[in-house]
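Engineer: following is a predicted model, sequence given first.
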Amino acid sequence: MLPTTVFIHPLRQLALLLRKIYQYDAALLESALTPEQFPLWQQAQTAIGFSLRACCPLCEQGKPEFGQPRPSWADLQQQIHLTIEFLQSLKAEDFAGWQQKRIETMAGFAELELTGEQFVYLYALPNFYFHCSMVYAIARAQQVPLSKADFDGWHQYPAGFSFLR
């Protein structure tokens with residue numbers, strides 16, 4: 001499985017999640033869980049960026065910049081669309097030997113040197129899902145009616161279902 005594959009489905013889910021949040025309350029774009037954390041728009045943009053940050057060095061491509069400095073809801077949707085298109089354009093031969101490639105990156109102020117496999121599975125994917133989860137958490141903290149199915153696209157629950165009943 002190519003590294004791009006693990007990002008495309010969750011990016012599509014992120015687009016759906018952002019649509020639901022926007023429809024509930026367009027003002028939530030600037031909401032954050034706490035004042036010192038990124039707002040929703042930046043959490044989304046960081047998640048999207050991690051999919052590119054993960055895949056581009058593995059196939060020795062420059063990371064395209066699709067984001068806007070302070071994106072609107074439409075800008076985030078466009079960024080997801082362009083990112084998915086880009087990821088889909090990458091070919092298997094572009095990733096030859098990706099698991100063993102040496103990847104140097106920064107994690108905050110920490111300098112890391114990882115194999116491609118470590119980089120994807122132990123660094124990029126956890127960070128990608130962390131920021132996707134923050135989008136979901138901010139929305140839930142603002143009372144947006146979402147379920148696990150909105151996050152992952154797989155779960156199904158009957159209307160009105162609650163684990164607390």
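Structural biologist: Alright, I've got the coordinates.
Engineer: tell me where the chain has strands.
Structural biologist: Here the chain has its strands, by DSSP state E, at 102-107, 110-115.
Engineer: and the residue most central in space within the chain, what is it in contact with?
Structural biologist: Nearest residue to the geometric centre of the chain (CA atoms, centre = their mean): residue 47, 3.0 Å. Contact analysis of residue 47 by CB atoms under 8 Å, 6 or more residues apart in numbering lists 14, 128, 129, 131, 132, 135. Quick note: C-beta positions are derived from backbone N, CA and C, even for glycine.
Engineer: neighbours of the first one, how many?
Structural biologist: The local packing of residue 14 (other CB atoms under 10 Å) involves 26 other residues.
Engineer: and what of the fourth one?
Structural biologist: Residue 131 is flanked by 20 other residues according to other CB under 10 Å.
Engineer: and it, what pLDDT?
Structural biologist: pLDDT, residue 131: 98.
Engineer: quick check: it vs residue 33, distance?
Structural biologist: 12 Å (CB to CB, to the nearest Å).
Engineer: which of the contacts of residue 47 lies closest to residue 87?
Structural biologist: residue 128 (12.2 Å; CB to CB).
Engineer: who touches the residue lying closest to that closest one once chain neighbours are set aside in this structure?
Structural biologist: Nearest residue to residue 128, sequence neighbours excluded (CB to CB, 6 or more residues apart in numbering): residue 50, at 4.1 Å. Residue 50 is in contact with 124, 127, 128, 131, counting by CB under 8 Å, 6+ apart.
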